[in-house]
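**Q** The sequence and its predicted three-dimensional model are supplied below.
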Amino acid sequence: MKKLHLNSLFLKLAMSVLAGVVILAVSLSYINIHASEQIFSDMFSDSQEKIFGQIEERFYQLYTDFAEIAKAAADDTAVLEYLVSDRSDTAREQQIVYQMQMRVRETKIREYDNVTLFLAGRSGKSFMYNYADIISVPLSDIFEYSVTKEAGEHPGHLACKYMECGFTNTMKNQPVIIVCRAVQNQSDEIIGFVYLMIKESEIRGFYDYFLAGNSEIVVLNHLGEVISASSPCYFENGDAALKHLLDIVAQARESRIYHTSLRENGDCINYLVQQFRNSDFVIAGIVNAKRTFYEEYDLCRNIAMAVLFAAGIIVLIFVLVRRQTRPLYRLARSMREQKKRDFSEQVPVEGTDEIRELSQTYNEMIVDLRHYIQKVVETEKAKRTAELYALQMQINPHYIYNTLAGIKWLIMKGNSKESIEMLDAFTALLRNTISNADEFITIRQEEINLKNYIRIHKARYGNKIQTEFYVQEVCRNAKIPKMILQPLIENAFFHAFPNERYGNVNVLVQKDEDWLVIEVADDGAGMSKEQIFGMMTDGGRKEHFSGIGIKNIDERLKLIYGPGYGVRIDSFMECGTTVGVKIPFCEGEGEE
């Protein structure tokens, strides 16, 4: 697929149409949302008020049932007798328990399977209506509960509290709501208490399914304490949300305005407060109608529809404009890709008169450029061949004179065997450097040339320098440019060991993945940074065999492989020098 550019004709047309569609869609959406938001907010608030009425009915029914059950138990003579009866009369106690059960069953407790009824007397006697459950907290602790103390302070009234855990086995690990009423004898003396306990989750079930995603409900007792809430944060006394809600409830009770709308954090929040009939209990609701509206409006779906509409228009524009812009795209693509090719591809001459003329002119220009580049390439090839030949032919005549003089001196001494070996080595060295016209030779051939050069060097200068070759077998047939290693050995011999200094020169050749790594290391005098710089600039030419300096090798490698290649020199004074070359690994046919 063709890559689109910011300045392309098609992209400009598509972006213009897309911008118009987006502006139109955003404008219509804003008007529609703004007009619908207030209507939805009013309707949603009205519906929440009706829901609150239904919730209040259920709470009120539960409250009245609990009041009736607690009053029936507290006023029952069997309960009074049981709480103060003597434990020694077992038969009478069983008769009283039976009477209590019958009286309790006559109340509405039978309609609530999830409610626990418990009687506790100050005498230490207790009674659990549900035999499947047992008390898990001592009576002394239960009498210390705030709900018990409040019931004791207000006999004849119900006390209702929220607690984080109940006092029976079935409810000891769950939040509960406890309703308590004091039991008095004929002398109005408190002899015990009636407890009704229900899980807070059961109360929350009255309103959970009425709540929208952004609505909350809190139930408060007559003291303004939370006994049930849709969010756990309201059970924390120091929570800012609870304090704010209590202020709203207090203002509603004072002003008798039970529906308040406030703008908080950019949202319009509706507060609904409703007091239970015949009690001071309050149910408070927090409704974020605006947020609920946006969730119901499904803004993502509307945006997706607008995007699809814009995409359809873009496709239509593409079909209409494509015929006229295709020749221009073809011409631009061809001009962009010609830098990677040989200027042989021409564009079809089609389209309008202006485009046809432009295409024809471009094709003529391509033909002229192709002829010109061919001439330049041929000239550069000839130039490179001449430069390489000139480098290969740089055999220093002084070296030849001195070598021949050394052979003559050996003959005059009568050492014919050594003179013949030296002459054979010198002949092989000249043949492989001058007569061999190949641009590349193998490592095996270069190693032979180096050993011949070292044999001649030792015959002339002695054995003060020892040379070792470490060549991986896989590298012996690898090809390298001719006359690359020879100058590196020469520089090590004539620069690293001045004043008849003894030392060692090691030649390392190895394969590293797809690379051929060659290093010539010596333990000689080393070089300073200034000396290395001078060697890389003037080449460090002396009267050696080839006369080729480090600079010549560096330039030749860059000419053959590219500017990223060359010679690397690492040297420290009195620590030696390492000259390295890293080139692509290329294997050729070996030659013994």
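**A** Received, thanks.

**Q** Quick check: the gap between the residue nearest to D438 when sequence neighbours are not counted and I190.
**A** Nearest in space to D438, with sequence neighbours left out and distances taken as Cβ to Cβ, 6 or more residues apart in numbering, is K482 at 6.6 Å. (Each C-beta comes from the backbone N, C-alpha and C, glycine too.) The gap separating K482 from I190 is 118 Å, by Cβ to Cβ, to the nearest Å.

**Q** Between the two, which is the more surrounded one?
**A** K482 (22 against 15; other Cβ atoms under 10 Å).

**Q** buried ones in the host helix or strand of V147?
**A** According to DSSP states H and E, V147 maps onto helix 146-153. Buried residues in helix 146-153, counted by 16 or more other Cβ atoms under 10 Å: 147-148, 150-151.

**Q** Kindly confirm whether my reading is correct that M536 touches D554.
**A** Yes. Contact criterion Cβ atoms under 8 Å: M536 and D554 qualify, at 6.6 Å.

**Q** okay, and the common contacts of these two?
**A** Common contact partners of M536 and D554 (Cβ atoms under 8 Å, 6 or more residues apart in numbering): V567.

**Q** Output the lowest mean pLDDT helix or strand found in the protein.
**A** Ranked by mean pLDDT, DSSP states H and E, the helix or strand of the chain with the weakest confidence is helix 289-297, at a mean of 65.

**Q** List the contacts of the nearest residue to E164 once chain neighbours are set aside.
**A** In this structure, E164 finds its nearest non-sequential neighbour in P175, 5.5 Å apart by Cβ to Cβ, 6+ apart. Contacts for P175 were tallied using Cβ under 8 Å, 6+ apart; they are 162-165, 199-201.

**Q** Looking at those, spot the one nearest S228.
**A** E200 (5.6 Å; Cβ to Cβ).

**Q** these two touch, right, that closest one and G166?
**A** No. Applying Cβ under 8 Å as the test, E200 and G166 come out as separate, 9.8 Å apart.

**Q** Spatially nearest residue to V507 (excluding sequence neighbours)?
**A** Leaving aside its chain neighbours, V507 sits nearest to F469 (4.9 Å; criterion: Cβ to Cβ, 6+ apart).

**Q** Surely the one you found is in a strand?
**A** Yes. According to DSSP: H, G, I helix; E, B strand; the rest coil, F469 belongs to a strand.

**Q** Can you verify my assumption that it contacts R444?
**A** No. Counting by Cβ under 8 Å, F469 does not reach R444; the two are 11.0 Å apart.

**Q** Show me what the helix or strand hosting M365 is packed against.
**A** Assigned by DSSP H and E, M365 belongs to helix 353-392. Judged by 3 or more Cβ pairs under 8 Å, 6 or more residues apart in numbering; DSSP states H and E, helix 353-392 is in contact with helix 299-337, helix 550-561.

**Q** Go through the last one and flag the buried ones.
**A** Right, helix 550-561. Within helix 550-561, the residues that count as buried by 16+ other Cβ under 10 Å are 550-557, 559-560.

**Q** the strands in the stretch 151-300 of the chain, which residues?
**A** Ranges of strands in the stretch 151-300 of the chain, per DSSP state E, counting those that start in this stretch, are 159-163, 176-184, 190-199, 215-220, 226-229, 259-264, 267-275, 282-288.

**Q** Y453: which of the ones you listed is closest?
**A** Closest among the strands of the stretch 151-300 of the chain, using Cβ to Cβ: strand 267-275, at 90.6 Å.

**Q** tell me, what residue is most central in the chain?
**A** Geometric centre of the chain, nearest residue: C300, 25.1 Å, by Cα atoms, centre = their mean.

**Q** For the strand or helix carrying Q99, buried residues please.
**A** Using DSSP H and E, Q99 sits in helix 90-105. For helix 90-105, a neighbour-count test (16+ other Cβ under 10 Å) marks 93, 96, 99-100, 103-104 as buried.

**Q** and it, how far out from the chain's middle?
**A** What separates the centre of helix 90-105 from the centre of its chain is 71 Å, taken as Cα atoms, centre = their mean, to the nearest Å.

**Q** okay, now the closest residue in space to L220 that isn't next to it in sequence: neighbour count?
**A** Spatial nearest neighbour of L220, excluding adjacent residues (Cβ to Cβ, 6+ apart): V282 at 4.6 Å. Look at V282: counted by other Cβ under 10 Å, it has 21 neighbours.

**Q** S571 too?
**A** S571: 20 neighbours (other Cβ under 10 Å).

**Q** Equivalent analysis for I373, please.
**A** Neighbour count of I373, defined by other Cβ under 10 Å: 12.

**Q** from what I can see E68 touches E106, true?
**A** No. Between E68 and E106 there is no contact under Cβ under 8 Å: 10.8 Å.

**Q** And the helix or strand harbouring F118, how far out from the chain middle?
**A** Using DSSP H and E, F118 maps to strand 115-121. Put simply, strand 115-121 sits 58 Å off its chain's centre (Cα atoms, centre = their mean).

**Q** Pull up the pairing partners for that strand, direction included.
**A** If you go by DSSP bridges, strand 115-121 pairs up with strand 126-128 (antiparallel), strand 190-199 (antiparallel).

**Q** mind saving the C-alpha coords of that strand as CSV?
**A** Provided in CSV are the C-alpha atoms of strand 115-121 (Å, rounded to 0.1, in the frame of the first residue of the first chain):
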residue,chain,number,x,y,z
VAL,A,115,-33.8,-12.4,61.6
THR,A,116,-32.4,-13.6,64.9
LEU,A,117,-34.6,-13.1,68.0
PHE,A,118,-32.7,-13.2,71.3
LEU,A,119,-33.7,-12.5,74.9
ALA,A,120,-31.2,-11.7,77.6
GLY,A,121,-32.0,-11.1,81.3
